[in-house]
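Chemist: From the sequence below, what's the structure:
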Amino acid sequence: MDPDRARELLEARRAEIERALARRSEREDLGTHPTDPADVAEQLVDAEVGEGLVEQLREELAAIERAERRLAEGAYGLSVESGATIPDARLERIPWAERTAEEQTRYELGQR
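Modeler: Residues are numbered from 1 along each chain as shown. Predicted coordinates:
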């Protein structure tokens, strides 16, 4: 993949994540304190879901930072596992991809 295109994709996704995290933080700052037990339960569920989303976004942001380092080092687009080339089509969809699709599947299944 062209390095300029990779930078563009990574920067765009970084900006999206940072906006989403900022919105989440603003909502937490504006939080209300309900007195109805049903409202409290709903807020707790929302908070748990929100924390899961925040964690996922932070993990993705860390992956983007690693991809930016690989880009600077000239190793972008190569699997961190095998060194195999990650197809451009995969990098277009997931510009922070660290592995080929097959390697990622094995990684996620714990078959490293």
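Chemist: tell me which element the residue nearest in space to the middle of the chain is part of?
Modeler: Nearest to the mean C-alpha position of the chain, counting by CA atoms, centre = their mean, stands Glu60 at 1.9 Å. Element membership for Glu60, per DSSP states H and E: helix 37-73.
Chemist: distance of Ile94 from Ala22?
Modeler: For Ile94, the distance to Ala22 equals 23 Å [CB to CB, to the nearest Å]. In this view, the C-beta of every residue, glycine as well, is placed from N, C-alpha and C.
Chemist: Going along the chain from the helix-or-strand element of the chain with minimal mean pLDDT, find the next helix or strand for me.
Modeler: For the chain, the helix or strand with the lowest mean confidence is helix 37-73, at a mean of 77 (criterion: mean pLDDT, DSSP states H and E). Where DSSP H and E defines the elements, the next helix or strand beyond helix 37-73 is helix 88-93.
Chemist: Can you tell me what sits against that next one?
Modeler: With CB atoms under 8 Å, 6 or more residues apart in numbering as the contact definition, helix 88-93 has outside contacts at Met1, Ala6, Leu9, Gly77, Ala97, Thr100, Ala101.
Chemist: List the buried residues in it.
Modeler: Within helix 88-93, the residues that qualify as buried by neighbour count (16 or more other CB atoms under 10 Å) are Arg90, Leu91.
Chemist: Keeping just the C-alphas, turn that helix into CSV.
Modeler: As requested, C-alpha coordinates have been extracted for helix 88-93 and formatted as CSV (Å, rounded to 0.1, in the frame of the first residue of the first chain):
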residue,chain,number,x,y,z
ASP,A,88,-3.9,-4.0,0.3
ALA,A,89,-7.6,-4.8,0.3
ARG,A,90,-7.3,-5.8,4.0
LEU,A,91,-5.3,-2.7,4.8
GLU,A,92,-7.9,-0.5,3.1
ARG,A,93,-10.6,-2.0,5.5
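Chemist: can I get the CA coordinates of the helix or strand following it in CSV?
Modeler: Once the chain leaves helix 88-93, the next helix or strand it forms, by DSSP H and E, is helix 101-108. Listed next in CSV are the C-alpha coordinates belonging to helix 101-108 (Å, rounded to 0.1, in the frame of the first residue of the first chain):
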residue,chain,number,x,y,z
ALA,A,101,-6.5,-12.5,7.9
GLU,A,102,-5.6,-16.1,8.4
GLU,A,103,-3.0,-15.3,11.0
GLN,A,104,-5.4,-13.0,12.8
THR,A,105,-8.1,-15.7,12.9
ARG,A,106,-5.6,-18.2,14.4
TYR,A,107,-4.4,-15.5,16.9
GLU,A,108,-7.9,-14.7,18.0
